[in-house]
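Student: the sequence isn't on hand, but the structure is:
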């Protein structure tokens, strides 16, 4: 009859190998996510540089619809269109990302 101690040692070794494999897989996923994040940020910076290279007057804008007046008596809100420079939109995204970290 086999002793219980060697059998437990084998199980512990298997569990250790399984834990090591799971940790390696987790680290691989994290490394891939960081790589994707850096690549995306680099792409955004290159786009922004191209868009702003001719000066702020030539920078593309994003049109956003914003409420102008709140309906005091329950009527519909009035809206206006505001032009937001792309650089400002990118900077807001960058700051939001940093705040999440």
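Tutor: Right, received. Where do you want to start? No experiment lies behind these values; they were computed from the predicted model shown.

Student: what's the helix ranked longest in the chain packed up against?
Tutor: Scanning the chain for the helix with the most residues, using DSSP state H, yields helix 4-52. Helices and strands in packing contact with helix 4-52 are listed as helix 86-100; criterion 3 or more Cβ pairs under 8 Å, 6 or more residues apart in numbering; DSSP states H and E. (Each C-beta comes from the backbone N, C-alpha and C, glycine too.)

Student: where does pLDDT dip in this protein?
Tutor: With pLDDT under 70 as the threshold, the chain has low-confidence stretches at 1-2, 70-74.

Student: re the thing from before, so the longest helix of the chain versus helix 86-100, what angle?
Tutor: Orientation check (axes from the mean of the first three to the mean of the last three Cα atoms, to 10 degrees): helix 4-52 against helix 86-100 gives 160 degrees.

Student: tell me the gap between helix 4-52 and the middle of its chain.
Tutor: A distance of 17 Å separates the C-alpha centroid of helix 4-52 from that of its chain, computed with Cα atoms, centre = their mean, to the nearest Å.

Student: next structured bit after it?
Tutor: Note on helix 4-52: by DSSP states H and E, the next helix or strand toward the C-terminus is strand 61-69.
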